[in-house]
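S.K.: coordinates for the following, if possible.
(chains A, B, C and D)
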Amino acid sequence: MATAEKAKQKSDVTLHYLRPGKKFPSVWCPGCGNGVVMGSLIRAIDNLGLSKDEVVLVSGIGCSSRLPVYLDFNSLHTTHGRALPFATGAKFAQPHMKVIVITGDGDALAIGGNHFIHACRRNIDITAILINNHIYGMTGGQGSPTTPGGTFSTTTPYGNVEKHFDPCSLAAAAGATFVARSTVYHEPQLQKLIGQAISHRGFSLVEAISNCHTYFGRLNRKGDAVAMFDAFKERAVPVGKASKMTEEELEDKIVTGVIHNVEKTEFCDEYQKVVDAHMGEK
Amino acid sequence: MAAKLLDKVEIPKDRYEMRLSGSGGQGMILAAVIMSEAIGGADERNVVQSQSYGPEARGGASKADVVVSENEIYYPKAMNLDLLLAMTQESLDSYYPNLKEGGTLIIDTTLVTDVPTDNYFGLPFTQLAREKVGIIMVANVIALAAIAELTGVVTREALTKAVLGRAPRGTEDKNRKALEIGFEEAAKIKK
Amino acid sequence: MPARERKLLQGNQACVHGAIYAGMRFFAGYPITPSTEVAEMSARLLPRIGGRFIQMEDEIGSIAAVVGASISGLKSMTATSGPGYSLMLENIGYAYMTETPCVIVNVQRGGPSTGLPTKVSQSDTMQARYGPHGDYCAIAVAPSTVADTVTETIRAFNLAERFRTPVTVLLDEVIAHSRELIYLPEEGELEIYNRVKPTASPEEFEAFALTPNGVSPMPSYGEGYRYNVTGLTHDTHGFTTNRVDEIPVKLEKLRHKIADYTDEIEKIRVEHMDDAEVAIIAYGSAARAALQATDIARKVGAKVGAVQLYSIWPFPDAKLKELCGRCKKVIVAELNMGQLITEIERIMPDKQITTLQRYDGEILTPLQVVKKIEEVL
Amino acid sequence: MTDADTTGKPGPQSKYDYSKGPAPLEINMTWCKACNICIALCPKQVLEPDRNGKPVQARPENCTQCTLCWIHCPDFAITSNYK
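M.R.: Presented below is the predicted three-dimensional model:
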């Protein structure tokens, strides 16, 4: 019965973190991966034993950015692309708080691209969870910076001629110190990675590959939520295995796991040293 | 009455307006700052110091104004100069027309050769700095000392305190020397 | 009483001293002429008092960080100039909607666009009122001397905290870069206002509750009140709403919490207005030319008075109208092509209003103002 | 229409032995959006769609508490019910 007890406890833990007074179900389409990521986030926070008061959830604009309002934390739903600078202010003002940014591929990488690389560069202790569904959902299916070449969206009706960003490579190159990727199908792994990212001191990114079957799926004949979940299962390659594969073999694969993990001095810590050295000077 | 308003108006006499001018790098803005602090440290007179700002502050002609008054200073810029310090020919040419009738003109005779009036004080500030102190950077301090001596706008003591307050560590002696030279040389030519 | 020492400070530097006096502990900014010294001074002074300075990647990020820090509990400020202010409008709008206290210093320079980086202007007067889209009520204060810059920056913080709103300090290049000898206020000399904190329990707490004066108590993150902040139109709990009965409630709150208390905001300086036939209305560095010209013209018998506005927004309609009641003619002196004058014309349709504009990057001179007085007399 | 349609609980035709306790899963039919993920991911075909596409526990006796259904439910509509 011990296992069942545990299962019971885990299965309803999410309910204890929902914001009182906020109406459910969520605004998202049936089967949207955003809800799965929300569950992973809750379970990761619960496992870490963080108090609700010490968590700040910050988001920008887009489907994924609606996530924080549902949860019983300090939540800041901001403007398009700007979640990271808002989060930077919140974190820098109260460095003991756990600041987590929920963002999407358009929010973080298009309009917020500059903020994204600079948050990485500073290595400020913020965890960014980038829900990547390869398309703009809220505005109705336009191409995003992660829309793969050749695929269709309402603004790439003849196939996308642009190249796409790899958020993980971008973050690592820009200076983020913990970078990981998983998919909404691989929920246990996603939850574990989010937990690791929150525990990591420095800027951490978890890219959660998610499904927008409503737009990306429909426009590219990828099927419904279930079909897209199945595709994530098929395409996922653990990072260890991927390191032994060729570029061609890795085409169309999703490399999952901890992509990049290094130790570097953290922004707020370094600034505190400046304060300690100059406090009281006239 | 109205038609004659402009003819009758006078620039307020409670203002003393100085312009320190030269080329970028001669320390005119710093000199104006020091002069302002010297005046401020001495008594309750008000001071507004302003300068040309922007690309021109990084080379080329440079000017810094100091307006002094015992009353509230409304207009922050110079209107009619009581004193013009010109460290270069170019700055003299540019700003001489702003000097009011009977205003004090002080020039660096090292670099200024063509003066449109006989009524001026001339000292070779740059040459004095080079030959007597060993660094031309203190030419502005020598000039400040000369202004103090020639106009009495600020006392020797107040100026010395202000200069030393701004002098980078290790340059106090050279600045003190520069002040002495300025006071002495100006005393010689004082009318 | 021991003699206090005066300090020779630029307007930009004085602004930081005022901000710190008012309790600023967070500054985020991006370098831009002619405001940069505000950032530089903040970077130098804030660590000494345990405060925080961050140079962000751009102005959008700067105001975002300021809002984030304010909601986290620190009094926060940013400083910029025209082009940067344009970039900040998005999140200044966010601060209006989320009712987040913060101070934005706009050291005005010539525009539009990159314009005149090193030249003075007052052409952001209207932008400070109508910059961000949507309906809201703006507060903008306007110093004209270095000493004013200290007191007006303090006032800006007090107003921001009192009204839970962003407040703009409209500086200009002349004040920002001029140095003047000033006394800094001593501890306890000036009143400092801090935001009202909630007294209700977290369970009973209503984040954007309707209160008699329209200002909801504001907790900081981490104090046990886990509430939602959003730029979307929201109900009194902070949840997004599309309801026709709730939308006007929010918008009216944003307006009335300020518009109904303008007497707490308005500040006007008046010189020689008792028997004036002509009034010169100006703010910022233009007001200094106006005051000087008034002084000069009075000495030759012209019945002229000066009215200097220290708060531009909300526009002091009633007070200004009353002040100018006696005089038939009004001169509006400003460093733009006519922004303040539209407000004056709106409130005094019965008066003969003349505009005195300068927009060549230089400050108006007292003689230009005297000449205009002569024209209208 | 059986009560399974609205409650997500096993219907009367189910072979589930209630003497062993309540059904393995509790399904919040108000929050469920009928996305079909739980039904598709269940390796033991415990769930079947009702006429609205929402899951009912057709074969509750097969449930192994593998967690796949509820960890993937985007709407927190499924909780495990073992006591």
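
S.K.: what packs against the helix or strand bottoming out on mean pLDDT in chain B?
M.R.: Here the helix or strand of chain B ranked lowest by mean pLDDT, DSSP states H and E is helix B:5-8, holding a mean of 76. Helices and strands touching helix B:5-8, by 3 or more Cβ pairs under 8 Å, 6 or more residues apart in numbering or on different chains; DSSP states H and E, are helix C:366-376. Backbone N, C-alpha and C define where each C-beta goes, glycine included.

S.K.: residues of the helix it packs on that come out buried?
M.R.: Neighbour counts using 16 or more other Cβ atoms under 10 Å in any protein chain shown place C:P366, C:L367, C:Q368, C:V369, C:V370, C:K372, C:I373, C:E374, C:V376 of helix C:366-376 among the buried residues.

S.K.: same check on stretch A:213-226?
M.R.: Of the residues in stretch A:213-226, A:H213, A:T214, A:Y215, A:F216, A:G217, A:L219, A:N220, A:K222, A:D224, A:A225, A:V226 count as buried by neighbour count, 16+ other Cβ under 10 Å.

S.K.: now it, how far from the centre of its chain.
M.R.: Relative to the chain's own centre, stretch A:213-226 is displaced by 21 Å; criterion: Cα atoms, centre = their mean, to the nearest Å.

S.K.: now the end-to-end length of that stretch.
M.R.: Start-to-end span of stretch A:213-226 (Cα to Cα, to the nearest Å) is 9 Å.

S.K.: same question for stretch A:88-97.
M.R.: End residues of stretch A:88-97 are separated by 11 Å (Cα to Cα).

S.K.: buried stuff in it?
M.R.: By neighbour count with 16+ other Cβ under 10 Å, stretch A:88-97 contains the buried residues A:T88, A:G89, A:A90, A:K91, A:F92, A:A93, A:Q94, A:P95, A:M97.

S.K.: now do stretch A:253-264
M.R.: For stretch A:253-264, a neighbour-count test (16+ other Cβ under 10 Å) marks A:I254, A:V255, A:T256, A:G257, A:V258, A:I259, A:H260, A:N261 as buried.

S.K.: which parts of the chain are helices?
M.R.: Using chain A. Assigned by DSSP state H, chain A shows helices spanning A:2-11, A:33-48, A:83-93, A:105-106, A:113-122, A:167-174, A:187-199, A:218-219, A:225-235, A:239-242, A:247-250, A:267-278.

S.K.: meant chain C, my bad for not saying
M.R.: Remark: helices assigned in chain C by DSSP H are C:11-22, C:36-45, C:59-71, C:82-98, C:127-130, C:146-163, C:173-177, C:247-259, C:284-299, C:317-323, C:340-347, C:366-376.

S.K.: quick one: closest of those helices to C:G238.
M.R.: Nearest to C:G238 among the helices of chain C is helix C:82-98; the distance by Cβ to Cβ comes to 8.8 Å.

S.K.: I'd like the average pLDDT over that closest one.
M.R.: Averaging pLDDT along helix C:82-98 yields 98.

S.K.: packing partners of that helix?
M.R.: The contact analysis (3+ Cβ pairs under 8 Å, 6+ apart) places helix C:82-98 against helix C:59-71, strand C:75-80, strand C:102-110, helix C:127-130, strand C:166-172.

S.K.: how about the nearest residue to A:E187, chain neighbours excluded?
M.R.: D:I71 (4.5 Å; Cβ to Cβ, 6 or more residues apart in numbering or on different chains).

S.K.: which residues does A:G202 contact?
M.R.: Applying Cβ atoms under 8 Å, 6 or more residues apart in numbering or on different chains to A:G202 gives the contacts A:N123, A:I124, A:D125, A:A176, A:T177, A:F178, A:E263, A:K264, A:E266.

S.K.: which of the residues you listed tops the neighbour count?
M.R.: Using other Cβ atoms under 10 Å in any protein chain shown as the neighbour criterion, A:A176 leads those with 31 neighbours.

S.K.: for chain D, what spans make up the strands?
M.R.: Counting by DSSP state E, residue ranges of the strands within chain D are D:25-27, D:47-49, D:55-57, D:78-80.

S.K.: I'd say A:L41 and A:I100 touch.
M.R.: Yes. A:L41 is within contact range of A:I100, at 7.4 Å (criterion: Cβ atoms under 8 Å).

S.K.: now list whatever residues contact both of those two.
M.R.: Here A:L41 and A:I100 share the contacting residues A:I129, scored by Cβ under 8 Å, 6+ apart.

S.K.: quick check: residues of the stretch 51-200 of chain C near chain D?
M.R.: When proximity is defined as Cβ under 8 Å from any Cβ of the partner chain, the stretch 51-200 of chain C does not approach chain D at any residue.

S.K.: any idea which residue of the stretch 51-200 of chain C lies closest to chain A?
M.R.: C:G68 (2.8 Å; Cβ to the nearest Cβ).

S.K.: and for residue 74, the neighbour number?
M.R.: I'll assume chain A. Counted with other Cβ under 10 Å, A:N74 comes out at 31.

S.K.: meant chain D, my bad for not saying
M.R.: Residues lying near D:P74 (other Cβ under 10 Å) number 28.

S.K.: any chance of a markdown table for the helices of chain A, columns distance to B:T155?
M.R.: As requested, these are arranged in a markdown table below (distance: least, Cβ to Cβ, whole Å):
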| stretch | distance to B:T155 |
| --- | --- |
| helix A:2-11 | 82 |
| helix A:33-48 | 69 |
| helix A:83-93 | 49 |
| helix A:105-106 | 68 |
| helix A:113-122 | 52 |
| helix A:167-174 | 59 |
| helix A:187-199 | 66 |
| helix A:218-219 | 83 |
| helix A:225-235 | 83 |
| helix A:239-242 | 76 |
| helix A:247-250 | 80 |
| helix A:267-278 | 36 |
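
S.K.: what's the closest of the ones you listed to B:E17?
M.R.: Closest of the helices of chain A to B:E17 is helix A:267-278, at 39.4 Å (criterion: Cβ to Cβ).

S.K.: can you give me the angle that closest one makes with helix A:113-122?
M.R.: For helix A:267-278 against helix A:113-122, the angle by axes from the mean of the first three to the mean of the last three Cα atoms, to 10 degrees is 60 degrees.

S.K.: quick one: helix A:267-278 near chain C?
M.R.: Yes. Against chain C, helix A:267-278 shows contacts by Cβ under 8 Å from any Cβ at A:Y271, A:V274, A:V275, A:A277, A:H278.

S.K.: show me how far that helix is from its chain's centre.
M.R.: Here helix A:267-278 shows a centroid-to-chain-centroid distance of 29 Å under the convention Cα atoms, centre = their mean.

S.K.: tell me the confidence at the residue of chain D found nearest chain C?
M.R.: Shortest chain D-to-chain C distance, computed as Cβ to the nearest Cβ: residue-wise this is D:W31, at 17.5 Å. With respect to pLDDT, D:W31 scores 96.

S.K.: how many residues are close by it?
M.R.: Neighbours of D:W31 using other Cβ under 10 Å come to 16.

S.K.: I'd assumed A:F24 was in contact with it.
M.R.: Yes. When contacts are counted by Cβ under 8 Å, D:W31 is listed as touching A:F24 (5.3 Å).

S.K.: need the residues touching each of these two.
M.R.: Common neighbours of D:W31 and A:F24, using Cβ under 8 Å, 6+ apart, are D:D75, D:F76.

S.K.: what does chain A have sitting close to chain D?
M.R.: Counting by Cβ under 8 Å from any Cβ, the residues of chain A that sit close to chain D are A:1, A:3-5, A:7-8, A:10-12, A:14-15, A:18, A:24-26, A:28-36, A:38-40, A:184-185, A:187-188, A:191, A:224-226, A:229.
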